[in-house]
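**Q** Below are the sequence and a predicted model; questions follow.
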Amino acid sequence: MVIDGQTYTGTLPGGTTAGLHVVVLNSRTLRLISDQVLATNGTGSSRDLQAAVAGALGTAVGLGGGPTIFVQTIGKPAAAGPEWQGIVASLVRLGANPELVNALDGTTEYALVSRVGSSVPPAEVSTAYDKGPYEAPSLPPARLVGTLVRSRTSDFVPNVYGTPTTKSPEGSVNLALTKIAYQPPEAWPELPGTAEESTKAQKFLCEGMKFCQPANSCPTVRECFWQRYGDDWNEKARLLTNVKFVDGKGFTATTFNGVKEELQKETDDVAAVKTYLRQLQEPFEKSGLGSYVDLQGISQTIWDSVQPPPNDNSTSFILGLIGKVAAIGGVAGGPVKAGAAGISAVFGIAAYLSDKSGRPILGAEIKARSSQLGVEMVGRIDLARQASVGLGMMIVSDYGKLTAADSHIDTDWALPADIKPTVDAFRTSSKQWFYEALIPTAFPYLIRANSNQARNLDCDKGHYEHFGFFNQPDMFQMNATVGYNADGTPITADFFFTKGIGGGASPSSSIGDEMFRPRSGPDPGLGMEKLQFFSPRVFGGRIIHAINGTYACSVGWLPGKF
């Protein structure tokens, strides 16, 4: 693992073949608390190994202070028996999707970053996928790439993550912009010449930039950086360049040239930082109208054909719009290249600086109503834009922050010239976001049934009537591993989402085809992964167990026909 430039390397002990690399850091300082490799499989009893791993993970998760925990598979672990559920339980306490952890069957990989006790969802990634009707995807290694940001409690939490490209499979966690925003204040350097001369030279230059006026202005160039942040600073830099020395103004040419050189450098840095922060927003704003049109089509399909019951107040946890953009790969060619670190940090920091509720601006628990969702999207993009202005003002008001940020802009934060990939990624991510918001409102119940097919459930009602759920199409179902027997054989269950019980309308199979069809190929879809979509995190935190062969499958309290 590479975390803020620090490399953590682990090696499996002899006689073992797979395991978990677990790094525990203090969530305020990122000081190392624990770095260990936990072997899960070997030539001996893997069940014994996994019981020990469950205990070690439980200890790490139970540490006081709410540390930030990084988990990454080494090799491809395979669950060996019921002891595996101890591992699942500890990772679920960190917010993990249990189906992804149970999918570690010797053919898949997994990684997670989370803070114990955080309200922010974890970052997790897996190479597991639903064995549905599509070809097996070509997935990159399960390694997390992105940034950490400080929450309103000052703890580091995961912000934007995605799987790396094949060119950079090692993965990394970057804190550059986050650290700049939170670094201690640093005073501006003294200007050349005597105090009297430099003050007069600075005022003369400030007036040449059309600042330092008698009214509605700012008193010095450096104070203008943040007080007049909204001005065109590229133009101000040009005006400053054109100011010439004039004799008899109370300063020498040497002092004038020295003061001008320093202020010119600082003004150029301000212009660069402001331009960079503004360019980060451009692809998202340019895709807004197209995304809004996409929303209308999705809502027409879902809402007009399958209306939710009256006064439905179901909510769904949106996993993070900006996070999806980064995961799709529209913003980065590598772990922290092409603005990925900047985008994630800007939106993450802006969220915690501006949103009084403490929830991420572009990832919140919302009432999933289509009429509100478009307004929510536009409003939150605008809020992020406003918040980034505040972030920019904070950076340009401090010499250390300004020079540190400028040093990255044309190097590791350099933005791609072509913004179309980011715009396309934003629209795809927006569609995924909309489906995650609207589907759980129209079909709010995520069902887990010990059956291989929802239609095979025997929902007996008084020995004379048998009925099923409102959701039956195969496209909307998934078989997933939920546990393991003593001999290591997997226990599977059928997952599907539904509107209620008793038969009736089901969503059109074409909706599922759009949602789950891969993003690549001649007819690209949205590539939503069922193992991640069929999650309590999406469906309001609950999975309902339907029991075959019982009265109304033991869920008779669900809404009936509407």
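**A** Looks like it arrived, so ask away.

**Q** so where do the strands sit in the stretch 101-250 of the chain?
**A** 110-115, 123-126, 145-150, 156-162, 172-174 (DSSP state E, counting those that start in this stretch).

**Q** per-stretch mean pLDDT over those, give me the minimum one.
**A** Mean pLDDT per stretch puts strand 172-174 lowest among the strands of the stretch 101-250 of the chain, at a mean of 52.

**Q** Any idea which of the strands of the stretch 101-250 of the chain gets closest to D406?
**A** Closest to D406 of these, according to CB to CB: strand 172-174, at 17.4 Å. Backbone N, C-alpha and C define where each C-beta goes, glycine included.

**Q** Break this structure down into its domains, please.
**A** Segmentation of the chain into domains, based on automatic domain parsing, reads 2-148, 175-438, 443-554.

**Q** As a markdown table, those with mean neighbour count would be great.
**A** Formatted as a markdown table, the entries for the domains of the chain read as follows, by neighbours: other CB atoms under 10 Å:
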| stretch | mean neighbour count |
| --- | --- |
| domain 2-148 | 19 |
| domain 175-438 | 18 |
| domain 443-554 | 18 |
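
**Q** Now render these as TSV, adding distance to V157.
**A** TSV is the format used below for these (distance: least, CB to CB, whole Å):
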stretch	distance to V157
domain 2-148	4
domain 175-438	9
domain 443-554	15
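
**Q** Go through those domains and find the least confident stretch.
**A** For these, the bottom mean pLDDT is recorded on domain 175-438, which sits at a mean of 71.

**Q** from memory N242 sits against K210, does it?
**A** No. With contact defined as CB atoms under 8 Å, N242 does not reach K210; the gap is 11.5 Å.

**Q** show me what contacts the residue nearest to S45 when sequence neighbours are not counted?
**A** The spatial neighbour of S45 that comes closest, neighbours along the chain excluded (CB to CB, 6 or more residues apart in numbering), is A80 at 8.0 Å. With contact taken as CB atoms under 8 Å, 6 or more residues apart in numbering, A80 is in contact with 40-41, 45-47, 49-50, 484, 488.

**Q** Please apply the same query to T73.
**A** Contacts for T73 were tallied using CB under 8 Å, 6+ apart; they are 18-21, 104, 109-111, 142.

**Q** same deal with P133?
**A** By CB under 8 Å, 6+ apart, P133 lies in contact with M475.

**Q** now Q279
**A** The neighbourhood of Q279, defined by CB under 8 Å, 6+ apart, consists of L415.

**Q** Can you name the helix or strand that it falls in?
**A** Under the criterion of DSSP states H and E, Q279 resides in helix 253-286.

**Q** Tell me the spacing between the spatially closest residue to L239 that is not a sequence neighbour and L263.
**A** With sequence-adjacent residues excluded and distances taken as CB to CB, 6+ apart, L239 is closest to M209, at 4.8 Å. Distance check for M209 against L263: by CB to CB, to the nearest Å, it reads 9 Å.

**Q** can you list residues touching both of these two?
**A** Common contacts of M209 and L263 (CB under 8 Å, 6+ apart): 221, 240.

**Q** looking at the strands of the stretch 101-250 of the chain, which is closest to A195?
**A** In terms of CB to CB, the element of the strands of the stretch 101-250 of the chain nearest to A195 is strand 145-150, at 38.0 Å.

**Q** Could you please name the strands that closest one pairs with and the direction of each pair?
**A** Partners of strand 145-150 in the sheet, by DSSP bridges, are strand 156-162 (antiparallel), strand 172-174 (parallel).

**Q** Is V23 located within a strand, as I assumed?
**A** Yes. With DSSP: H, G, I helix; E, B strand; the rest coil as the criterion, V23 is part of a strand.

**Q** That one and A89, how far apart?
**A** For V23 relative to A89 (CB to CB), the value is 20 Å.

**Q** Over to G556?
**A** G556 sits at a distance of 30 Å from A89 (criterion: CB to CB).

**Q** repeat for T29
**A** If you measure T29 against A89 using CB to CB, the figure is 28 Å.

**Q** and F495, helix, strand or coil?
**A** Of the three states, F495 takes strand under three-state DSSP.

**Q** Could you double-check that it lies in contact with V482?
**A** No. With contact defined as CB under 8 Å, F495 does not count as touching V482 (9.0 Å).

**Q** what residues do the two have in common as contacts?
**A** Contacts common to F495 and V482, judged by CB under 8 Å, 6+ apart, are 99, 448.

**Q** Can you say which of the domains of the chain is nearest to S154?
**A** Distance to S154, taken as CB to CB, is lowest for domain 2-148 among the domains of the chain, at 6.0 Å.

**Q** So what would you say the end-to-end distance of that closest one is?
**A** 13 Å (CA to CA, to the nearest Å).

**Q** now swap in stretch 242-262 and tell me
**A** The straight-line separation of the ends of stretch 242-262 (CA to CA) is 15 Å.

**Q** Contacts for it next, please.
**A** Around stretch 242-262, the neighbours that count as contacts under CB under 8 Å, 6+ apart are 189, 191-194, 196-198, 200-202, 204-205, 208-209, 240.

**Q** Looking at the strands of the stretch 101-250 of the chain, spot the one closest to H545.
**A** When the strands of the stretch 101-250 of the chain are ranked by proximity to H545, the top entry is strand 123-126, at 23.3 Å, counting by CB to CB.

**Q** What strands flank that closest one, and is each parallel or antiparallel?
**A** For strand 123-126, sheet partners with direction are given as strand 110-115 (antiparallel), following DSSP bridges.

**Q** quick one on the thing from earlier: so which of the contacts of T73 is the closest to K274?
**A** A111 (35.6 Å).
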